[in-house]
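>>> Quick one: sequence and predicted model below, then my questions.
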Amino acid sequence: MDLRLTVDLPRDLDRMNTLRHVLDGALTGLGVAEQARTDIALIVNETWANVIAHVRVGVAFQVRATIDERCCVIEVTHPGEAAVENINALIASGHSLRVVRSLADEVDVDSDGLLMKVTKKL
């Protein structure tokens with residue numbers, strides 16, 4: 001069984017919680033183990049932290065989650081250069097991406113540091 005979820009989201013913390021809960025419900029319904037669901041929830045949180053740190057307020061972007069019996073793939077669309085803020089040293093630390101890399105099986109990042117695609121084996 002394949003499940004595809006596509007959501008257009010503003011840069012907003014409340015929306016992240018909604019996405020995380022919807023995704024966890026879908027994963028639960030598909031019988032995905034609790035540890036994998038926990039890892040995916042943390043990946044979503046850290047992905048969102050990366051977006052919040054880099055994207056201007058008011059810019060919308062798209063998150064796609066594709067789930068099959070083998071893996072969950074989360075993709076974040078690149079909102080374009082005009083949407084990216086100049087980053088100060090405090091938020092350019094890369095901590096969010098390090099967390100994501102430690103939990104995921106594959107991570108693709110754009111040259112400007114915005115997360116593009118994460119794959120987590122189930």
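All right, it came through fine. Residues are numbered from 1 along each chain as shown.
>>> from memory residue 3 sits against residue 67, does it?
Yes - counting by C-beta atoms under 8 Å, residue 67 is a contact partner of residue 3 at 4.5 Å. From N, CA and C alone the C-beta is placed, and that goes for glycine too.
>>> which helix is the longest one in the protein?
Scanning the chain for the longest helix, with DSSP state H as the assignment, gives helix 34-54.
>>> Which neighbouring elements make contact with it?
helix 13-29, strand 71-76, helix 95-103, strand 115-121 (3 or more C-beta pairs under 8 Å, 6 or more residues apart in numbering; DSSP states H and E).
>>> so where's this protein shaky on pLDDT?
11-13, 54-58, 78-94, 111-115 (pLDDT under 70).
>>> In this structure residue 64 contacts residue 9, no?
No - at 11.1 Å, residue 64 does not count as touching residue 9 under the criterion of C-beta under 8 Å.
>>> which residues do these two both contact?
With contacts taken as C-beta atoms under 8 Å, 6 or more residues apart in numbering, residue 64 and residue 9 have no neighbour in common.
>>> contacting residues for residue 4?
64, 65, 66, 67.
>>> on that earlier part again, out of the helices and strands packed on helix 34-54, which comes closest to residue 52?
Of all the helices and strands packed on helix 34-54, helix 13-29 sits nearest to residue 52, with 7.3 Å by C-beta to C-beta.
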